[in-house]
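Asker: Only the shape, not the letters, is given here:
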């Protein structure tokens, strides 16, 4: 027979462990004055991250393709409290863009504490139709430019003991329908930056890599693409943006938003046939 005292003690220990692992260690002051380069900053999650960083008093360089939108985001960032804000329009489908953007950020900020890789190329949400050229282009935007940006910034991040924050997706952990090329680029990010994390640790370079795994977020583009095709709820972009920033600031290895995606990823290799049936049930094939 288990004594009530032992039961209470066990419950207390479990509660303490849960509190330890789920505790909020984020300190907003840690971002005040931080030098941030943020890609994909003109709309969606990137725009929301720019506003959060501004409220925390960061110094920011914004980049995306559309200058008009970048200028509007920059103006709002200044209103929200950013210490410095600059922007540089560029297209990450160009192999020369990453070096230009990093050099611009170093010139304006004098260094980097956070490099946030968030941009993505537009891709159709539909069955694979054999468009290999589009896949090559998407690999340049969604993967190779990330590699180039990180490579250009790593020496500076090593000096500042900074953070490299990579925004990815559940589709980079678990395969899903209608995302063949997109999913390939996100799986590539997981492989490259996971390997790079090992190498940095072996070289004793204090650069944190945070991989952010996101579900369906209620950005205008995501909602338009998935309308009538996916039976899933979309989550707020501003909350996703804050989760990413908090993960980078606390030097987390991975960030999952919403939180339950971590369970999905941890269990992804259990009962694969049944898993695939469940995944497919959330997608409407007739609307593609």
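Answerer: That came through fine. As the structure is a computational prediction, the values presented were derived from the model and not from experiment. Residues are numbered from 1 along each chain as shown.

Asker: Any idea how far stretch 255-271 is from the middle of the chain?
Answerer: Stretch 255-271 sits 16 Å away from the centroid of its parent chain (CA atoms, centre = their mean, to the nearest Å).

Asker: So what's the model's average confidence on that stretch?
Answerer: Here the mean pLDDT over stretch 255-271 is 91, rounded to a whole number.

Asker: Now that stretch: buried residues?
Answerer: By 16 or more other CB atoms under 10 Å, the buried positions in stretch 255-271 come out as 255, 256, 257, 258, 261, 264, 265. Glycine gets a C-beta too; all of them are placed from N, C-alpha and C.

Asker: From what I see, the fifth one and residue 216 are in contact.
Answerer: The reference is to residue 261. No. Under the criterion of CB atoms under 8 Å, residue 261 is not in contact with residue 216, lying 10.3 Å apart.

Asker: thinking again about what came up before, what is the nearest of the buried residues of stretch 255-271 to residue 127?
Answerer: Residue 127 has its nearest neighbour among the buried residues of stretch 255-271 in residue 264, at 22.8 Å by CB to CB.

Asker: give the contact list for the closest one.
Answerer: Residues counted as contacts of residue 264 (CB atoms under 8 Å, 6 or more residues apart in numbering) are 170, 173, 174.

Asker: can you check residue 157 too?
Answerer: Going by CB under 8 Å, 6+ apart, residue 157 touches 112, 113, 115, 163, 164, 207.

Asker: And residue 254, by the same measure?
Answerer: If a contact means CB under 8 Å, 6+ apart, then residue 254 has 210, 211, 212, 213, 247, 262 as its contacts.

Asker: picking up where we left off before, rebuild the buried residues of stretch 255-271 as TSV, extending it with distance to residue 56 and secondary structure.
Answerer: Converted to TSV, the buried residues of stretch 255-271 look like this (distance: CB to CB, whole Å; DSSP: H, G, I helix; E, B strand; the rest coil):
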residue	distance to residue 56	secondary structure
255	17	strand
256	22	strand
257	18	strand
258	22	coil
261	25	helix
264	30	helix
265	28	helix
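
Asker: Determine which two of those are furthest apart.
Answerer: The span of the buried residues of stretch 255-271, defined through CB to CB, is set by 255 and 264 at 14.3 Å.

Asker: which residues in the stretch 101-250 of the chain form strands?
Answerer: Along the stretch 101-250 of the chain, the segments classed as strands by DSSP state E, counting those that start in this stretch run 114-117, 163-169, 208-214.

Asker: for the last one, packing partners?
Answerer: For strand 208-214, the packing partners by 3 or more CB pairs under 8 Å, 6 or more residues apart in numbering; DSSP states H and E come out as strand 163-169, helix 180-202, helix 237-249, strand 254-257, helix 261-266.

Asker: Neighbouring strands - and their directions - for it?
Answerer: Each strand that pairs with strand 208-214, with its direction, by DSSP bridges: strand 163-169 (parallel), strand 254-257 (parallel).

Asker: Which helix or strand contains residue 62?
Answerer: Secondary structure here is read from DSSP states H and E; on that basis residue 62 sits in strand 59-64.

Asker: What are the contacting residues of that strand?
Answerer: For strand 59-64, the external contacting residues (CB under 8 Å, 6+ apart) are 33-43, 46, 50, 53-54, 70, 73-74, 77, 82-90, 101, 104-105, 108-109, 119.

Asker: which ones among these are found in strands?
Answerer: Using DSSP state E, the members of the contacts of strand 59-64 that fall in strands are 35, 36, 37, 38, 39, 84, 85, 86, 87, 88, 89.

Asker: burial measure for the third one, as a count.
Answerer: What that stands for is residue 37. Burial measure for residue 37: 28 neighbouring residues, criterion other CB atoms under 10 Å.

Asker: which residues pair with it across the strands?
Answerer: Beta bridges link residue 37 to residue 61, residue 115 when assigned by DSSP bridges.

Asker: So what's the residue count around residue 286?
Answerer: Here the neighbour count serves as a burial measure; for residue 286 (other CB under 10 Å) it reads 6.

Asker: tell me which of the buried residues of stretch 255-271 is nearest to residue 281?
Answerer: When the buried residues of stretch 255-271 are compared for distance to residue 281, the smallest value, 14.3 Å, is given by residue 264; criterion: CB to CB.

Asker: Of the strands of the stretch 101-250 of the chain, which is nearest residue 132?
Answerer: Relative to residue 132, the nearest member of the strands of the stretch 101-250 of the chain by CB to CB is strand 163-169, separated by 21.5 Å.
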